[in-house]
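Trainee: I would like the atomic coordinates for the input below:
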Amino acid sequence: MSAEPPTLSPGQLVRARAAAHALRQAPHWSGQLPVLLLNRCWLRLTVVAVERLALELPPDLSRDAPELEHWRALVEAGHGPWQAQQLCWLEFGAEACQRALRRYWNAQESPTHGWTLERYLDLVATYRQSFASGSPRLLPLIVLARPAGEGADPAAGEDHGLFWLRPDLTIVERAMRHTCA
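Mentor: Predicted coordinates:
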């Protein structure tokens, strides 16, 4: 379930306009470009540089561990799951493989709100693309998911919402996708 498009308060609009102005004034793509983070529970809009986004909102990397990627590739190449596991143990060591699997399962039990490495990289690629395309630059707004209630299944909660704002701070209706030619 995704977050609904937000309505910003007057104070939040001031910060968002300042970020949009900084984006318009930027001479070229850089890690200093702004990303808006909206925490609806605390009614707080934070502006972070794109280079600090992974520190402020760490993506779930557990699925992308090299040990698990290698295991998946071996299974896809026709190896049975057990044989693939043994080959991974030879390649990375049993302890490293078990640690990667444990991190993966722990991440499944704690809420990441759908904020994965893939979504993070897609945001950066789309941001760069909108910056380089010559059309009006778009400003990313991430609406943080509300935490699930006590005792609720973390997987049943909402995902962080990602919205792209035009220079006038209206939301782009269609999701943008990064495409490689």
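Trainee: what kind of secondary structure is W164 in?
Mentor: strand (DSSP: H, G, I helix; E, B strand; the rest coil).
Trainee: Report the contact partners of it.
Mentor: Applying C-beta atoms under 8 Å, 6 or more residues apart in numbering to W164 gives the contacts T126, S130, L138, L139, P140, L141, I171, V172, A175, M176. Bear in mind the C-beta positions are built from the backbone N, C-alpha and C, glycine included.
Trainee: So among the residues you listed, where is pLDDT lowest?
Mentor: Ranked by pLDDT, those bottom out at M176 (46).
Trainee: returning to what we had before: give me the ChimeraX select line for the contacts of W164, limited to the buried ones.
Mentor: Filtering these down to the buried ones (16 or more other C-beta atoms under 10 Å) takes a single ChimeraX command:
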select :126,130,138,139,140,141,176
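Trainee: From the contacts of W164, which land in helices?
Mentor: In helices, defined here by DSSP state H, the members of the contacts of W164 are T126, S130.
Trainee: so how far is R40 from the residue lying closest to Q32 once chain neighbours are set aside?
Mentor: Using C-beta to C-beta, 6 or more residues apart in numbering and skipping residues adjacent in sequence, the residue nearest Q32 is A49, 5.0 Å away. Plainly put, A49 is 22 Å away from R40 if you go by C-beta to C-beta, to the nearest Å.
Trainee: Let me see the ranges of the helices in this structure.
Mentor: When assigned using DSSP H, the helices of the chain occupy the ranges 10-25, 53-56, 66-76, 81-92, 94-109, 117-132.
Trainee: Report how many residues lie close to L57.
Mentor: 17 (other C-beta atoms under 10 Å).
Trainee: residues touching the residue nearest to Q32, list them.
Mentor: Contacts of A49 by C-beta under 8 Å, 6+ apart are G31, Q32, L33, P34, V35.
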